[in-house]
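Enquirer: Sequence plus predicted model, see below.
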Amino acid sequence: MLVARILYPIEVLGPGKRIGIWMCGCKHRCKGCSNPELWEFDDKYRISVNEVFQILYGLSRKHQVDGFTITGGDPFEQAEELSELVEKLKLISSDILVYTGYTLKELEEKNNQSVNNVIQNIAVLIDGRYIEERNTNAILRGSDNQQILILNDAYKDKYQEYLSTAANLIQNFNTSDGIVSVGIHKPGFMDELNNKVRKIGLHREEEGWKA
Ligand code: SF4
């Protein structure tokens, strides 16, 4: 599978301290997307599902892991691998939140076993393209056309409480690919951030900001 980043602890994309997984490859090309560097299906990010799981399992042995947030890119472009991964992740936590640019209806219409398996095994799906003009800083949603679908009833209370109390915050991680900014960003954030980082002597390359 193609996985560009694994970051921990993610505290701005779902309840608790989560492991964030960024899969790469996306065909939607939404205007204003905050991760355009993950649109390509870049083979340099290839790693087996088992290797990814070993990394995540290792993290979960050392740190509190309250759940997973899988984003990208569009994770459903790699439905078969995603399906395998999700089944394994449930050994650590079933609180699995997945972002996709497809709507749930579009996913169901694919009539694909791996896609259906993911839908059956995750706790939450946040669906739909990002529409910049509809970015209202809604919690967990890049734009307000997207739906937060709690697919596993066992997580209804946890997410309803989170959604009624949490605020949209941004976390910045210093990674080997440069600074990665995580969270629901306001429109124009990229220009704003580029200006700020330029002032402190960094510049943006394909993968992120570099000194
Ligand atoms: S679906 Fe998500 S990753 Fe893909 S282009 Fe749209 S906002 Fe970007």
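Expert: Sure thing, it's come through.

Enquirer: List phi and psi for the residue positioned nearest the centre of the chain.
Expert: With distances taken as Cα atoms, centre = their mean, T71 lies nearest the centre of the chain, 2.2 Å away. For T71, the backbone dihedrals (degrees, to the nearest 10) come out as phi -140, psi -160.

Enquirer: wait, doesn't F189 sit right on S34?
Expert: Yes. With contact defined as Cβ atoms under 8 Å, F189 and S34 form a contacting pair (7.1 Å). Where C-beta positions appear, they are placed from N, C-alpha and C, glycine not excepted.

Enquirer: which bits of this structure sit near the ligand?
Expert: Contact residues, the chain versus the ligand (Cβ under 6 Å from any ligand atom): C26, H28, R29, C30, C33, N35, G72, G73, D74, G101, R129, Y130.

Enquirer: number of nearby residues for the nearest residue to W39 once chain neighbours are set aside?
Expert: In space, and not counting its chain neighbours, W39 is closest to C26: 4.9 Å by Cβ to Cβ, 6 or more residues apart in numbering. For C26, the count of nearby residues is 22 (other Cβ atoms under 10 Å).

Enquirer: Who does the residue nearest to the centre of the chain form a beta bridge with?
Expert: T71 forms beta bridges with W22, as assigned by DSSP bridges.

Enquirer: Isn't it up against C24?
Expert: No. The pair T71 and C24 fails to qualify as a contact (Cβ under 8 Å) at a distance of 10.5 Å.

Enquirer: what sits against the nearest residue to C30 once chain neighbours are set aside?
Expert: With Cβ to Cβ, 6+ apart as the criterion, C30 has its nearest non-adjacent residue at 4.0 Å, and that residue is Y130. Residues in contact with Y130 (Cβ atoms under 8 Å, 6 or more residues apart in numbering) are H28, C30, K31, G32, C33, G101, G142, S143, Q146.

Enquirer: helix, strand or coil for whichever residue of the chain sits closest to the ligand?
Expert: Closest residue of the chain to the ligand, Cβ to the nearest ligand atom: G101 (2.6 Å). Three-state assignment for G101 (DSSP: H, G, I helix; E, B strand; the rest coil): coil.

Enquirer: Could you report the pLDDT at the residue nearest to it when sequence neighbours are not counted?
Expert: In this structure, G101 finds its nearest non-sequential neighbour in H28, 3.8 Å apart by Cβ to Cβ, 6+ apart. As predicted, H28 sits at a pLDDT of 98.

Enquirer: right, and H28 touches R129 too?
Expert: Yes. Counting by Cβ under 8 Å, R129 is a contact partner of H28 at 5.4 Å.

Enquirer: quick one, longest helix in the chain?
Expert: What stands out as the longest helix in the chain, according to DSSP state H, is helix 49-62.

Enquirer: and that one, C-alpha only, in PDB?
Expert: Coordinates of each C-alpha in helix 49-62 appear next as PDB, following Å, rounded to 0.1, in the frame of the first residue of the first chain:
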ATOM      1  CA  VAL A  49       0.000  -3.700   5.100                       C
ATOM      2  CA  ASN A  50       1.800  -5.900   7.500                       C
ATOM      3  CA  GLU A  51       4.700  -3.500   7.900                       C
ATOM      4  CA  VAL A  52       2.300  -0.700   8.500                       C
ATOM      5  CA  PHE A  53       0.500  -2.700  11.100                       C
ATOM      6  CA  GLN A  54       3.800  -3.600  12.900                       C
ATOM      7  CA  ILE A  55       4.700   0.100  13.100                       C
ATOM      8  CA  LEU A  56       1.300   0.900  14.600                       C
ATOM      9  CA  TYR A  57       1.300  -2.100  16.900                       C
ATOM     10  CA  GLY A  58       4.700  -1.000  18.200                       C
ATOM     11  CA  LEU A  59       3.400   2.500  18.800                       C
ATOM     12  CA  SER A  60       0.400   1.200  20.700                       C
ATOM     13  CA  ARG A  61       2.600  -0.900  23.000                       C
ATOM     14  CA  LYS A  62       4.400   2.200  24.100                       C
END
